[in-house]
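Provided below for reference: sequence and predicted model.
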Amino acid sequence: MTDTTTVTIVTTRERLSGVVQSVGRRPSDIPRRWWESALVFGLFTLGYAWFGHWLISDMHVVGFETLDRFNRALMVWHNDPPKLSAVGFDYPPLTILLISPLTIFSGLASSLLVVPLASAVFAAFTMVVFNTMMRRAQVLAPVRVVALVALGLNPLVVLYAASGARHFMWMAFVVAALGALFAWYVTADIRFVMIAGLAFAVAALCGYSSLLWFVVSAIMVGAILARLGADGTEIEGTTVGFAAPTVYVVALWTAFNLLLVFKPFNWITASSDAASSGGLEAFTAVELLEYTGRLVLYGAPIAIVVLPALIFAGVARRNSFALWLAVILFLSIIVPAVSVALKLTDSPMIMRNALPILLFSMIGAIWLARSAGDGASLVSALLVAGLIASIPWTFQAMKTYKYQGLESTFAAAVSTRQSQEGATTPDGSTVGYVSEQAMAQWITDNVTLKNSILTDNAQTAAVILLTGDPALFFDRVDKSDGPWLDAAKNPDKYVDYLLLSTNSDNDLLSEYYAEDIDGGNPLLTEAYRTDRYVLLWVPAGFRPGEETLDPGASVDSGLDTETDEVSP
Amino acid sequence: MTISGTTSGTTSVTRTTVRLTDGIDEELRHLIPEGICRTFRVMPYALADGQVLVAAADADDSITAHVVAERIDRPVVLIRHTVNEIVAAIDETYPPVEAEVETPEARRARMQMAQMLTRSGLVTSEQLQRAMLEYSRTGDPLGDILVAHEAMSEDVLVAALSEIFQMQRVGLADFEPDLDVARRLPEPLALRLQAIPVAVTEEAVLVAVARPLADDDAALVEQTLGGPFRQLLANRSDLDQLIQRVHSLHYSEVSTQALMESRPESSAHVVVSPAQKAVLVLAIVAVVICGVVWPINTLIGIVSVCSFIYLVVSIYKFRLTLRALGTHLETDVTDEEIAALDERQLPVYTILVPLYKEAGIVPRLVRDINALDYPQTRLDVKLLCEEDDDETIDKIKSLNLPPHFHLVVVPDSQPKTKPKACNYGLQLATGKYCVIFDAEDRPDPDQLKKALIAFQHVPANVVCVQAKLNHFNQDQNMLTAWFANEYSMHFELVLPAMGAAESPIPLGGTSNHFVTSTLRELGAWDPFNVTEDADLGIRLHREGYRTAMIDSTTLEEANSQVGNWIRQRSRWNKGYIQTWLVHMRNPVHLLAQTGLRGFISFNLTMGSAFVLLMNPVFWFLTTLYILTRWGFIEQLFPGIVFYAASALLFIGNFIFVYLNVAGSLQRGEFGITRTALLSPLYWGLMSWAAWKGFIQLFTNPFYWEKTEHGLDEGSS
């Protein structure tokens, strides 16, 4: 039966009369100032890159994880053949893909010149977003400049902005998303919801914890629209527009995991962010509370003022956005403790957790300034004062804070201006890369045959990166783990060398040849050795565990190799 | 003070202590618009006891009292004054512009007409009041207004005019013209003057006219005919039909051959030029030879080229949409500007409506066109029907439409396409501007005025203003929702950005407003091109003209049935390739005319048709690889090609899905954002249609796949 309901035709004007957001037109907003944004971006990028170069090249303060990601990015272009699968599942994929353009020229990557840039550009982008946010909040230009400089000089910010770490990647996009929602709330322009949605999608693949802020924001978008009187269709459509990008990237990444490793949620369980070895020390509730307090007090002290102020503005003045920012800030404060309580992390209450708290506090303070009306200048001044006071305060705390990564080394480098090569971090890691550099140099000087060095790139990534030529190595990325294990069992058929780390933890090849690392098998001649690595020459006919050569064996790599001669 | 009567809350008074000659209160002076003041001879001038005193020449006239009361939101008292007093006050308030002020003769004729019609009961006072109000705004003849409003028939008006002007009438409804006589007045003159010789007597030629000719025009006719003539008043619709019948052969030839003869290089009557054929054959031979000698490398090369086309088309569209999301790119027209338009200055606007086997839609079409905020007396609506479509023709005739609707019957000839019908109608167009609407279109009521103002805002080389298109039945089913998503992206984001960038714009099928004279100069639409709109947009650009977008929407009926949709879409894709082939006959000339940016933009825009052809191939390869991990497929995508293809697959596809969402959000169509997420399924249908169109390009290039309208639920 045909439905004979008459279609009601409404004109564009009638159709939009009940819409609470601004659609199809641009509402009044701050004028665009590309030059100002470019200036902020350029200055901060240059500043952090310059400082980062000093920090990494002169002070040798750089994380192993950073070098590992750069090595993977290098493999994307320079492996033989180039391998997109080098991205792997250990890190959120965009933390590698977004820095891959920096490794197109292998020389720049192997010299580590571009490493600071990887974090500097994202930190600078964050500063641009803050600057725009402050402009939208009518913060005066001189105050904006001082606030940006004060935030930019915060030692925690400097460390993560200059050392090539990945944390500013996801933070930059989360801050951009929150900045877009800030603009949406101010202007009602729907395109900001879309921008926020896209920014959250990128953030989600840069750092999985972004998903938490995404969920909270999605709820906020719906709630604010409902409060403004939007009908169900508008709320649904807007929320779909906001959430679609993030839902898509999560679904896509899940599908990839399903297709490639048959575990759809491998990206969460295998992630270096979420994986827990179960060896976490136990914390009581009181301890969690205490460490949460320390984290805020030392890492982001302005949150102590901003959070109550936001709650007050939200409740007393019915300021929905302030209330939502309070929720965001509160969650950022309790998330480290909750992760520990739920045993979701191996890195309890680590100091870098203060970074999101600091940045969210900054957003909260800017909103408070905007909401203060005549008191905007006072609030801005307080923010600047708080940020300036935080610089020495946090710097001192970095030296002694119990749970941390490179903070104390960074503080020592800045204080003493002496290389931190060989220094030990509070968690027991050794700082520096001289050992890797020496091994890489020997390989560069002596090995030219592709795929001739068998190694577990999960542990020897820094060496591979510093050679600038991953094609020399037969690693777990080349043909996945199956063929690599075959090669590990019959190395003479495939390669000429074994590159082992002297610490066999997490190095599958070192575990396999644990007894040979220190010369246990006379057939495996030591080609070169450093403190942390050893390169063993594999003779033809070599069989693991046997002390005589198989006379009938011949080298057959089974791989695409060039005819260059081996020069051991 | 003597109260002589009350009407509609208005009191009329003959004597009061305050008179117009005592001065006019400045706050009241402009309470009533000039047109109404002059038409009804009224002028507000003072306040007394909370009442507005309005001087009126005929204080007892109920229509005057009603009109005044409607314009003033306070109690009103009509005070009788002399005509001279009131006219002097009006002239003081609104200094007269010579050409706009009604002459005493014209006023006498109008009053005579009004009295004749009301006294004889042919129109009611309400109808007369409405017509008088429109007259006060437009200054158009009262009789024409009444006929346009269907308050009375054209025949009655002709009878009244013949009485007033003491002229004989002639009935032309069933008249069989002597073509030799009828063609004694050349077609352009006949059309312009709405006059046609119908008979010859010993004394004079009898010429049927729609209205008495002005002296200059009469002299011109006499000179052309070479002797005296006598005017006979005729029904305008009948006269129009007669002119069409007399000159149909000429119109038909021009509509089919004008472009083909004047600019053969721009006509799609030849699908592939000899040079293009040679290049195509050489390319195929080269690929085959390479394929035999280096099979894998050749395949890699083909995949690389396809991926590159994909990449650049995607980047181009993404860039356009981003730009449109960032700023407001349409030509702005404010409500205030529309309200301030002086309707007396409005030009005649031609609306071309091609119809084919759409009898059922005609009543709705008439209703929607009458709903446009534009004086009907200044509309020239051409309902373009094919000769063999008796049903639609009969339906239009049965409606006895007022004369601003013109039935145009296009003689049966090949190619039987919409552009040919439009060309036919364009020759009869009397408007300074013209626009095409489809039969089922519902334009925003203020669209004509917006376009008109937009033409005033834009540079002189902008001769086309494109309004946005979208759908009124988007909620009917998934297909209509997808269609609306696609249109939202295209018209809200892509076209405004192209317009702002001054790129060649492939015009939308309807709602494109043209400067009529320029359109004619350009040769109008190519009757052999099945996307004549897109082709015309490019031709405009090549000639140095530009297209602007306005923020006004025409709602169309989205195809709700897959088969029907495929037919429509296959035609579009065929037409896009046709258009590309036509304009790429001489790429160097195209480059010289459009500049590098325009050239690239044109190729990337048309390239989307090729992308749709490639889609199924790549989808198949991807699926096959996922299922089989076949190494051969891996070989086809080495290094950088693989990265580009992956980026397009995972990022590019999503971006396009999201741009559909963005277009809908930008338009405020929140109800269809979720369907946009499933648009890859829609792309499947698009590729199906693209292949159908591509094959048809070789098998039946000029065949017009007709879209059936009226399939929306509730079509009425």
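Right, received. Where do you want to start?

Got the confidence number for residue B:565?
On pLDDT, residue B:565 comes in at 92.

er, residue B:140 actually
Turning to residue B:140, the model gives it a pLDDT of 88.

Confirm that it sits in a strand.
No. Checked against DSSP: H, G, I helix; E, B strand; the rest coil, residue B:140 lies outside a strand; its state is coil.

List the contacts of it.
Residues counted as contacts of residue B:140 (Cβ atoms under 8 Å, 6 or more residues apart in numbering or on different chains) are B:134, B:375, B:377-378. Bear in mind the C-beta positions are built from the backbone N, C-alpha and C, glycine included.

do the same with residue B:109
Residues in contact with residue B:109, defined by Cβ under 8 Å, 6+ apart, are residue B:164.

For it, which three-state class applies?
Secondary structure, three-state DSSP: residue B:109 is helix.

what sits against the residue of the stretch 1-150 of chain A found nearest chain B?
Nearest to chain B in the stretch 1-150 of chain A, going by Cβ to the nearest Cβ, is residue A:23, at a distance of 3.6 Å. The contact partners of residue A:23, by Cβ under 8 Å, 6+ apart, come to A:16, A:190, B:665-668.

Looking at it now. What's its pLDDT?
If you check residue A:23, the pLDDT there is 82.

Would you quantify the distance from it to residue A:230?
As judged by Cβ to Cβ, to the nearest Å, residue A:23 and residue A:230 stand 11 Å apart.

cool, and residue B:688?
Distance, residue B:688 to residue A:230, using Cβ to Cβ: 38 Å.

related to what we said a few turns ago, out of the contacts of residue B:140, grab the one that's most surrounded.
Of all the contacts of residue B:140, the most densely surrounded is residue B:377 (26 neighbours; neighbours counted as other Cβ atoms under 10 Å in any protein chain shown).

low-confidence ranges in chain A?
Where chain A drops to pLDDT under 70, the residues are A:1-11, A:271-281, A:346-347, A:504, A:546-547, A:549-568.

Residue of the stretch 401-550 of chain A nearest chain B, please.
For the stretch 401-550 of chain A, the residue closest to chain B is residue A:480, as judged by Cβ to the nearest Cβ, at 11.6 Å.

Give me the neighbour count for that residue.
Other residues within reach of residue A:480, judged by other Cβ under 10 Å, total 11.

Same check on residue B:251?
22.

Now do it against residue B:221, distance only.
According to Cβ to Cβ, residue B:251 stands 21 Å off from residue B:221.

Please verify my assumption that residue A:401 contacts residue A:349.
No. Shown here, residue A:401 and residue A:349 do not form a contact pair, counting by Cβ atoms under 8 Å, at 9.2 Å.

Quick check: phi and psi at the closest residue to residue A:162 other than its chain neighbours.
In space, not counting the residues next to it along the chain, residue A:162 is nearest to residue A:52; the distance is 3.4 Å by Cβ to Cβ, 6 or more residues apart in numbering or on different chains. When read as degrees, to the nearest 10, the backbone of residue A:52 gives phi -60, psi -40.

who touches stretch B:683-697?
By Cβ under 8 Å, 6+ apart, the surrounding residues in contact with stretch B:683-697 are B:271, B:479, B:562, B:565-566, B:568-575, B:577-578, B:609, B:612-613, B:615-616, B:619, B:703, B:705.

Buried ones only from those residues, please, as a ChimeraX command.
Buried members of those, defined by 16 or more other Cβ atoms under 10 Å in any protein chain shown, are picked up in ChimeraX with:
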select /B:271,479,565,566,568,569,570,571,572,573,574,575,577,578,609,612,613,615,703,705
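
Give the buried residues for the strand or helix carrying residue B:189.
Using DSSP states H and E, the element containing residue B:189 is helix B:187-193. In terms of neighbour count (16+ other Cβ under 10 Å), helix B:187-193 has its buried residues at B:187, B:190-191, B:193.

ok, now stretch A:224-240?
A:224-225, A:230, A:234-240.

roughly how far out does that stretch sit from the chain middle?
Computed by Cα atoms, centre = their mean, to the nearest Å, the chain-centroid distance of stretch A:224-240 equals 33 Å.

Which elements pack onto the longest helix seen in chain B?
For chain B, the longest helix by residue count, based on DSSP state H, is helix B:587-628. With contacts taken as 3 or more Cβ pairs under 8 Å, 6 or more residues apart in numbering or on different chains; DSSP states H and E, helix B:587-628 sits against helix B:295-326, helix B:532-542, helix B:562-583, helix B:631-636, helix B:679-699.

export these to JSON lines and tack on distance to residue B:144?
Shown next, in JSON lines, are the helices and strands packed on helix B:587-628 (distance: least, Cβ to Cβ, whole Å):
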{"stretch": "helix B:295-326", "distance to residue B:144": "43"}
{"stretch": "helix B:532-542", "distance to residue B:144": "33"}
{"stretch": "helix B:562-583", "distance to residue B:144": "39"}
{"stretch": "helix B:631-636", "distance to residue B:144": "70"}
{"stretch": "helix B:679-699", "distance to residue B:144": "46"}
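
Smallest distance to chain A belongs to which residue of chain B?
Chain B approaches chain A most closely through residue B:670 (2.6 Å), counting by Cβ to the nearest Cβ.

which residues sit in contact with that residue?
Residues in contact with residue B:670 (Cβ under 8 Å, 6+ apart) are A:19, A:233-234, A:236-238, B:664.

Spatially nearest residue to it (excluding sequence neighbours)?
The spatially closest residue to residue B:670, leaving aside those adjacent along the chain, is residue A:237, at 2.6 Å (Cβ to Cβ, 6+ apart).

Can I take it that the one you found is in a helix?
Yes. Assessed with three-state DSSP, residue A:237 lies in a helix.

Show me what from the stretch 501-650 of chain B comes close to chain A.
With Cβ under 8 Å from any Cβ of the partner chain as the criterion, the stretch 501-650 of chain B comes near chain A at residues B:551-553, B:555, B:626, B:638-640, B:642-643, B:646, B:650.

Out of those, which two sit at the greatest distance?
Spatial extent of these (Cβ to Cβ) is set by the pair B:552 and B:638 at 50.1 Å.

Could you pull out the strands in the stretch 451-568 of chain A for me?
According to DSSP state E, counting those that start in this stretch, the stretch 451-568 of chain A carries its strands in the segments A:453-455, A:473-474, A:497-501, A:525-529, A:533-537.

Now do the buried residues in the third one.
Neighbour counts using 16+ other Cβ under 10 Å place A:497-501 of strand A:497-501 among the buried residues.

which outside residues touch that strand?
Residues from elsewhere that reach strand A:497-501, judged by Cβ under 8 Å, 6+ apart: A:439, A:443, A:447, A:452-456, A:459-460, A:463, A:473, A:491, A:507, A:509-510, A:513, A:516-517, A:524, A:527, A:532-538.

Just give me the neighbour total for residue B:646.
Residues lying near residue B:646 (other Cβ under 10 Å) number 15.

Now do it against residue B:187, distance only.
In this view, residue B:646 and residue B:187 are 63 Å apart by Cβ to Cβ.

what's the closest non-adjacent residue to residue B:515?
Leaving aside its sequence neighbours, residue B:515 sits nearest to residue B:463 (Cβ to Cβ, 6+ apart; 4.5 Å).

Give the phi and psi angles for the one you found, as a check.
Here is the backbone geometry of residue B:463 (degrees, to the nearest 10): phi -110, psi 0.

residues near residue A:358, how many?
Neighbours of residue A:358 under the rule other Cβ under 10 Å: 23.

Point to the residue nearest the middle of the chain.
Just going to use chain A. Taking Cα atoms, centre = their mean, the centroid of chain A lies closest to residue A:166, which sits 2.5 Å from it.

Chain B was what I was after
Nearest to the mean C-alpha position of chain B, by Cα atoms, centre = their mean, lies residue B:435 at 2.3 Å.

Next up, the contacts around it.
If you count contacts by Cβ under 8 Å, 6+ apart, residue B:435 has them with B:349-352, B:448, B:451, B:511-514.

Show me which residues of stretch A:60-69 are buried.
So, applying 16+ other Cβ under 10 Å, buried residues of stretch A:60-69: A:60-63, A:65-69.

Same list, the residues you listed, but as JSON lines with secondary structure please.
As requested, the buried residues of stretch A:60-69 are exported to JSON lines (three-state DSSP):
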{"residue": "A:60", "secondary structure": "coil"}
{"residue": "A:61", "secondary structure": "coil"}
{"residue": "A:62", "secondary structure": "coil"}
{"residue": "A:63", "secondary structure": "coil"}
{"residue": "A:65", "secondary structure": "helix"}
{"residue": "A:66", "secondary structure": "helix"}
{"residue": "A:67", "secondary structure": "helix"}
{"residue": "A:68", "secondary structure": "helix"}
{"residue": "A:69", "secondary structure": "helix"}
